[in-house]
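# sequence? don't have it. structure:
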């Protein structure tokens, strides 16, 4: 009788745990219905495309046209290998058949078209800061680019990382769903720079260390950290002696345009891809990014190699 009681109790606990897991991991979309119609600003959508570095990840590897977004890039990480998907206008393999609401939920909440959690190799923890209209303009711009009939490859992830539902728990820790809020005490330039850096530019995603669960260490944000693929050390971009203390805002803006440091060295690796995108921004946006980076709290970090 006692054994039966124990078994019943264990089953009850298991069912309660499963129910709690189910409830806690339910995707929470940003929008659930079509939005009011508006005229898209395609020029702004292109700006979001460039600052977001969409081509750097989603362009088909080994081809010259960066606007052919057939995906296929493989990102090797400690959690497994992520295969970057097709985000072209193709209706079968890309975003061509996606609704605007589905795209918004992917960008702001990391939720796929079919309601599944997306992996944070797609930096929605930064994109969640984006303004809704900017996301809508980006979607409209993507639909103007060529359709690529290339199927997206599945991720190659070991258990338990292969269980998408568990990402609902991860999001409880690292996804707050709050858009960027301008600081009325700061200038328009500084607020614009903060928005571009923290939101669509997702600079912290590379330039920060991460904890064991893959989340950014808040107190070390922008202080540099290991490259996600383990190939290099991403430098500190705070105004500390280990970072950019000796750089002027003009130096930073010039690097974002030319790829040249104050020492006349050329940036390489993933930063070269970033510069190909930031070089397409306006001078005002590059200056705003530079001004914000110079305003960050100085944090010590390991010097890049």
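Done, it's in. These numbers were taken from a predicted model, which means no experiment stands behind them.
# please count neighbours and contacts with C-alpha atoms only from this point.
Will do.
# would you check how far apart the closest residue to residue 183 other than its chain neighbours and residue 296 are?
For residue 183, ignoring the flanking residues on the chain, the nearest one in space by C-alpha to C-alpha, 6 or more residues apart in numbering is residue 191 at 6.6 Å. Between residue 191 and residue 296 the computed distance is 12 Å (C-alpha to C-alpha, to the nearest Å).
# ok, the residue nearest to residue 183 - contacts?
182-183, 288, 292 (C-alpha atoms under 8 Å, 6 or more residues apart in numbering).
# who touches residue 116 in this structure?
Residues in contact with residue 116 (C-alpha under 8 Å, 6+ apart) are 27, 164-165.
# distance check, the most centrally placed residue in the chain against residue 73.
Taking C-alpha atoms, centre = their mean, the centroid of the chain lies closest to residue 123, which sits 1.9 Å from it. Note on residue 123: its distance to residue 73, by C-alpha to C-alpha, is 15 Å.
# what's the next secondary structure element after the longest helix seen in the chain?
In the chain, taking DSSP state H as the definition, the longest helix is helix 2-24. Counting by DSSP states H and E, the element after helix 2-24 in chain order, helix or strand, is helix 42-51.
# contacting residues around the helix or strand just after that following helix?
Downstream of helix 42-51, the first helix or strand assigned by DSSP H and E is helix 54-58. With contact meaning C-alpha under 8 Å, 6+ apart, helix 54-58 is reached by 49, 66-67, 69-73, 84-87, 273-274.
# okay if I get those as a markdown table plus distance to residue 158, neighbour count and secondary structure?
Formatted as a markdown table, these follow (distance: C-alpha to C-alpha, whole Å; neighbours: other C-alpha atoms under 10 Å; DSSP: H, G, I helix; E, B strand; the rest coil):
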| residue | distance to residue 158 | neighbour count | secondary structure |
| --- | --- | --- | --- |
| 49 | 32 | 22 | helix |
| 66 | 31 | 16 | coil |
| 67 | 32 | 19 | coil |
| 69 | 27 | 30 | coil |
| 70 | 25 | 28 | coil |
| 71 | 22 | 25 | coil |
| 72 | 19 | 21 | coil |
| 73 | 19 | 21 | coil |
| 84 | 17 | 23 | coil |
| 85 | 19 | 26 | coil |
| 86 | 22 | 28 | coil |
| 87 | 25 | 26 | coil |
| 273 | 29 | 16 | helix |
| 274 | 30 | 23 | helix |
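# need the worst-confidence member of those.
Lowest pLDDT of the contacts of helix 54-58: residue 66, 85.
# is it true that that residue touches residue 50?
No: judged on C-alpha atoms under 8 Å, residue 66 makes no contact with residue 50 at a distance of 10.8 Å.
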